[in-house]
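**Student:** no sequence for this one, just the structure:
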DNA sequence: GTGTGACTAGCAGTCCGTG
DNA sequence: ACACGGACTGCTAGTCACA
């Protein structure tokens, strides 16, 4: 533990898990990445990167996303740890 | 809405709210900023900046914080929106 | 409608210190 | 035990053209 590789892997899992949750909520709302981008004032390709788990958003970006999805940050991240462990 | 000033202000409120929540949970656990820093592998001065609301952490940093506090991310951010609006 | 690589500016996060 | 500062490196925000 504490070595670089395992740390980077766990971060990658975290981002993948977030991406899954964002996509799940976006589809539940029934909008495109483009529409979500418009609603939370984030670039379409940035949303794409988030859903693919290649972006590590800041808190303020996460808050904007939750607002665009019409839910709270806590609701958006509710199953984060579950999704992280699910891919292990 | 949508202008720069109001957007920066709302981001500042978000960070202040997070700082409040981190401090609240840290004190509930009964540990120092330094101890929390050790537990989640983040710098002592960075924890300080977070609690003062002058830092905007990434998702992976938020996850590390929650782990260090022994709670889920969702629990840590549970009252975020409430705290944001409380300071308005 | 989405995935992807590349890009610049700016900030995340560390390490040194002070009071 | 904490606030706060400067300086530093690497990473992130935000965007673009193209597939």
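**Tutor:** Good, I have the coordinates. None of these values were measured; they are calculated from a predicted model.

**Student:** got the contact list for the residue nearest the centre of chain A?
**Tutor:** Closest residue to the average C-alpha location of chain A: residue A:18 at 3.2 Å, with CA atoms, centre = their mean. Residue A:18 is in contact with A:50, A:53, A:57, A:77, A:80, B:59, counting by CB atoms under 8 Å, 6 or more residues apart in numbering or on different chains. Bear in mind the C-beta positions are built from the backbone N, C-alpha and C, glycine included.

**Student:** at 10 Å what do you get?
**Tutor:** Applying CB atoms under 10 Å, 6 or more residues apart in numbering or on different chains to residue A:18 gives the contacts A:50-51, A:53, A:55-57, A:62, A:65, A:76-77, A:80, A:83-84, B:59-60, B:63, B:73.

**Student:** residue boundaries of the helices in chain A?
**Tutor:** A:4-29, A:33-40, A:44-51, A:59-69, A:73-76, A:80-86 (DSSP state H).

**Student:** which pLDDT value does the model give the residue nearest to residue A:31 when sequence neighbours are not counted?
**Tutor:** Counting by CB to CB, 6 or more residues apart in numbering or on different chains, residue A:39 is the residue found nearest to residue A:31 once chain neighbours are left out, at 7.5 Å. Looking at residue A:39, its pLDDT reads 96.

**Student:** sounds good, over and out.
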